[in-house]
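Chemist: the sequence isn't on hand, but the structure is:
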DNA sequence: CTACATTGCGCAATGC
DNA sequence: CGCATTGCGCAATGTA
């Protein structure tokens, strides 16, 4: 999958790239439409409608906010992935338990079957007026599993 | 969740937004592969075989590639989310089945317990040399059902 | 090499 | 007001 990410500076506390993060990528709508003729469109109307400041990308305030948000995003995504992984693990865990339970059921069912057969046999003996066979079990009480 | 305001990107075929950071996004490193800080490997000056050209952001070729990739990304992410959801569903499904199995085990166990008790009782009667209780089935008579 | 798929990342809107 | 989430686009990388 990829180890990539090298355009980045530092993970945790990183360099204070105030601006011009040569880092390769800069999202700078601010100026330049890359100009070659392409554009004609003036960039955002110099509307500072929202706040008195258009949020200068150069502003320290801005960069700081961005940095913080980037951290938060990373954290959130990490958490998200962790949760997903946990869920997968949970599935495996449940599948295992399921198998265990099914095995147990199989065992119990078999045990029941044996006991029921014994009862039937006994019933038949009684029906046929056959006295308790001494050749059979007497005090055998093995509850063998 | 957020329904967010779509800043652009028409579904399917989108407008040719040459560049209009209206929404505010425009990634313009301008050019220069310069690998700064995180750059990792200094850019091998010798080879720029890949895309010798800086790939003009205005290029139709570029925009087309971008658009296609954006589609692919969306698709991939959707798929990813779908899978995650399926996994969650799987968990619930397994939990349900687990409960079902446990209930069954409980039932079987109880049944077994009853039968075993009957056996024990019978065994005791034999051991105590006690003939079949008259209050129950007698040696003769009906064969029960 | 081309085309699509994945993934890390930053941005901005929005949720809390 | 600040962090947390989330949709989105970009670019690098992986895969066919």
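Modeler: Done, it's in. Computed from a predicted model, the values in this text were never measured in an experiment. Numbers count the residues shown, from 1 in each chain, chains lettered A, B, ... in the order given.

Chemist: residue A:115: neighbour count?
Modeler: Other residues near residue A:115 number 18, with proximity taken as other Cβ atoms under 10 Å in any protein chain shown. The way it works is simple: take the backbone N, C-alpha and C, and place the C-beta from them, glycine included.

Chemist: check it and give its pLDDT.
Modeler: With respect to pLDDT, residue A:115 has a value of 89.

Chemist: and it, what does it touch?
Modeler: Counting by Cβ atoms under 8 Å, 6 or more residues apart in numbering or on different chains, residue A:115 makes contact with B:112, B:115-116, B:119.

Chemist: now, which of these sits nearest residue B:67?
Modeler: Relative to residue B:67, the closest of the contacts of residue A:115 is residue B:112; by Cβ to Cβ it sits at 66.9 Å.

Chemist: what's the helix or strand for the closest one?
Modeler: Counting by DSSP states H and E, the secondary-structure element that holds residue B:112 is helix B:60-127.

Chemist: residue A:57 too?
Modeler: Using DSSP H and E, no helix or strand contains residue A:57.

Chemist: out of the contacts of residue A:115, which are buried?
Modeler: Burial of the contacts of residue A:115 was assessed by neighbour count (16 or more other Cβ atoms under 10 Å in any protein chain shown); the buried members are B:112, B:115, B:119.

Chemist: let's have these in a markdown table, adding distance to residue A:107.
Modeler: Putting the buried ones among the contacts of residue A:115 into a markdown table (distance: Cβ to Cβ, whole Å) gives the following:
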| residue | distance to residue A:107 |
| --- | --- |
| B:112 | 10 |
| B:115 | 15 |
| B:119 | 18 |
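
Chemist: next, format those as CSV and append distance to DNA strand D.
Modeler: What follows is the buried ones among the contacts of residue A:115, written out as CSV (distance: Cβ to the nearest atom of the strand, whole Å):
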residue, distance to DNA strand D
B:112, 48
B:115, 53
B:119, 58
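
Chemist: what is the burial count for the closest residue in space to residue A:101 that isn't next to it in sequence?
Modeler: Of all residues not flanking residue A:101 in the chain, residue B:101 sits nearest, at 4.0 Å (Cβ to Cβ, 6 or more residues apart in numbering or on different chains). Using other Cβ under 10 Å, the number of residues around residue B:101 comes to 18.
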